[in-house]
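Novice: All I have is the shape, not the residue letters:
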């Protein structure tokens, strides 16, 4: 019996989505050239993964053009929120607090990012930004 496709993105799927978010709708060839900058991959693998991503409804394919053009089916922010929710449940036992603490502890945050975090916290607390 075939394995059920994972709801979580693997590294290659995420790299493909990143390429499309950064560069806009693209052909398999264009995505493949972007991926080759950082990894050793072959064109047929990129094409197959993108086909599977269409079946998983992660990508949309415009069949009216040749070569076909692919675009993300879900906005970047929505995908990031989904990944973060999964990470909070899987790694931090449902505690967003622990995730944020570890993220802040593990990075040397520049002053502008610290200011943005403070602004967000004030907004969440009901204060004025």
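Specialist: Okay, I see it. Predicted model only: the values in this text are computed from it and were never measured.
Novice: got the domain boundaries for this structure?
Specialist: 11-72, 76-124 (automatic domain parsing).
Novice: Turn the ones you listed into TSV, including mean neighbour count.
Specialist: (C-beta placed from N, C-alpha, C; glycine too.) TSV is the format used below for the domains of the chain (neighbours: other C-beta atoms under 10 Å):
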stretch	mean neighbour count
domain 11-72	15
domain 76-124	11
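Novice: Reformat those as a markdown table; add mean pLDDT.
Specialist: Output for these, formatted as a markdown table (pLDDT from 0 to 100):
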| stretch | mean pLDDT |
| --- | --- |
| domain 11-72 | 96 |
| domain 76-124 | 90 |
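Novice: can you pull the contacts of residue 66?
Specialist: Applying C-beta atoms under 8 Å, 6 or more residues apart in numbering to residue 66 gives no contacts.
Novice: In a strand, it, correct?
Specialist: No: Residue 66: not assigned to a strand; according to DSSP: H, G, I helix; E, B strand; the rest coil it is coil.
Novice: hey, where'd the helices end up in this structure?
Specialist: 11-23, 28-35, 43-55, 76-92, 96-106, 111-124 (DSSP state H).
Novice: which residues are in contact with the second one?
Specialist: Meaning helix 28-35. Residues from elsewhere that reach helix 28-35 (C-beta under 8 Å, 6+ apart): 12, 15-16, 19-20, 23, 26, 41, 43, 46-47, 50, 67-68, 70.
Novice: Could you do the first one as well?
Specialist: With contact meaning C-beta under 8 Å, 6+ apart, helix 11-23 is reached by 9, 26, 30-31, 34-35, 38-39, 41, 45-46, 49-50, 53, 58-59, 70-72, 76, 79.
Novice: and if you look at the longest one?
Specialist: Residues outside helix 76-92 that contact it (C-beta under 8 Å, 6+ apart) are 8, 9, 17, 21, 72, 94, 95, 96, 98, 99, 102.
Novice: Next, format these as TSV and append distance to residue 116.
Specialist: TSV is the format used below for the contacts of helix 76-92 (distance: C-beta to C-beta, whole Å):
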residue	distance to residue 116
8	28
9	26
17	24
21	21
72	25
94	25
95	22
96	17
98	21
99	17
102	18
